[in-house]
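*Asks:* I need the structure of the sequence given here:
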Amino acid sequence: MKRKELNLAIILVLFLLLSNIYSYIQYKEISEVQSFLYELKKDSDIKIGQLEALKECRANEILLNGNEISRDWEITNLQGGRETLSDIMSDNTLVLRYSEMHCDVCIDSIVSKLNIYQDSIGLQNIVLFTSTKNMNYVKKFKRVNNIHFDIYGISNALDSVLVDIGMPYLFVYSFVDERINNVFVPQKENVKFTYEYLHSILLKYYTK
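*Replies:* Residues are numbered from 1 along each chain as shown. Sure thing, here's the model as predicted:
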């Protein structure tokens, strides 16, 4: 009788052991699936966010592209003097429009890429427009970032056309047509798009 009870006890222990092993395996598999699904959702959310940001950038480009700007509108140089667009720009000038409120990393990233193209596009064919009124800040920004391009403060009239969209953007100003073309909003997540844009601008306007 005791032997029978012992065998039953052994069987019960083995059953409990196997049951625990099976439960552990099931738990581990479920955890792995849950972890996989979490990473999948996380990756999906990032991609959706990037697509939404890209969609917003393209919408802003469409909104700004083709806007007319008179060559007689005024801008302010770093010395505080007033000049008109006709004084400082030739036809098809590449312009970076930015504000001190924009992402510093974003601005620095674009400027570094413009520096790469300053010889091929031409230093005289690239200018920076800012809505910043503090010219001392602009001077410091230019010195710290080793910027060789001219920087100008834009007037309220110009600011009403070159609206602040919350991020810096590039465009080509047609002096002849008095309008802006090829508007592009760079994204720091898609650096290759900025290089492709600058290369296309080089080929379209500055390569004979």
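
*Asks:* tell me how this structure divides into domains.
*Replies:* 1-64, 68-205 (automatic domain parsing).

*Asks:* check the secondary structure at the residue nearest the centre of the chain for me.
*Replies:* The residue lying closest to the centre of the chain (C-alpha atoms, centre = their mean) is Q187, at 1.9 Å. At Q187 the chain is in coil, as set by DSSP: H, G, I helix; E, B strand; the rest coil.

*Asks:* hmm, Q118 and H148 touching each other?
*Replies:* Yes - counting by C-beta atoms under 8 Å, H148 touches Q118, with 6.4 Å between them. For every residue, glycine as well, the C-beta is placed using N, CA and C.

*Asks:* so which of these two has more stuff around it?
*Replies:* Q118 (15 against 11; other C-beta atoms under 10 Å).

*Asks:* now for the helix or strand where the more buried one lies, which elements pack on it?
*Replies:* Counting by DSSP states H and E, the element that carries Q118 is helix 104-121. Using 3 or more C-beta pairs under 8 Å, 6 or more residues apart in numbering; DSSP states H and E, the elements in contact with helix 104-121 are strand 93-98, strand 126-130, helix 191-205.

*Asks:* S19 is nearest to which of the ones you listed?
*Replies:* helix 191-205 (54.7 Å; C-beta to C-beta).

*Asks:* hmm, who's touching that closest one?
*Replies:* With C-beta atoms under 8 Å, 6 or more residues apart in numbering as the contact definition, helix 191-205 has outside contacts at 92, 94, 109-110, 113-114, 116-117, 120-121, 125, 170, 172, 182, 184, 186-187.

*Asks:* okay, buried residues for it please.
*Replies:* Within helix 191-205, the residues scored as buried using 16 or more other C-beta atoms under 10 Å are T194, Y197, L198, I201, L202, Y205.

*Asks:* which one of these is nearest to I69?
*Replies:* Nearest to I69 out of those is Y205 (C-beta to C-beta; 17.1 Å).

*Asks:* if I look at the closest one, how far off is S99?
*Replies:* Remark: distance between Y205 and S99 (C-beta to C-beta, to the nearest Å) = 25 Å.

*Asks:* and if you look at L202?
*Replies:* 26 Å.

*Asks:* repeat for Y24
*Replies:* Distance from Y24 to S99, by C-beta to C-beta: 58 Å.

*Asks:* and those two? which has more neighbours close in?
*Replies:* More crowded of Y24 and S99, by other C-beta under 10 Å: S99, with 17 against 10.

*Asks:* residues in contact with that one?
*Replies:* Applying C-beta under 8 Å, 6+ apart, we find S99 in contact with T130, S131, T132, D164, P168.

*Asks:* give me the buried entries from those.
*Replies:* The buried subset of the contacts of S99 - by 16+ other C-beta under 10 Å - is T130, S131, T132, P168.

*Asks:* who does the helix ranked longest in the chain touch, helix- and strand-wise?
*Replies:* For the chain, the helix reaching the highest residue count under DSSP state H is reported as helix 2-64. Packing contacts for helix 2-64, counted by 3+ C-beta pairs under 8 Å, 6+ apart, involve strand 169-174, strand 179-184.

*Asks:* so of the ones you listed, which one's packed in deepest?
*Replies:* Counting by mean count of other C-beta atoms under 10 Å, strand 169-174 has the highest mean neighbour count of the helices and strands packed on helix 2-64, with a mean of 22.
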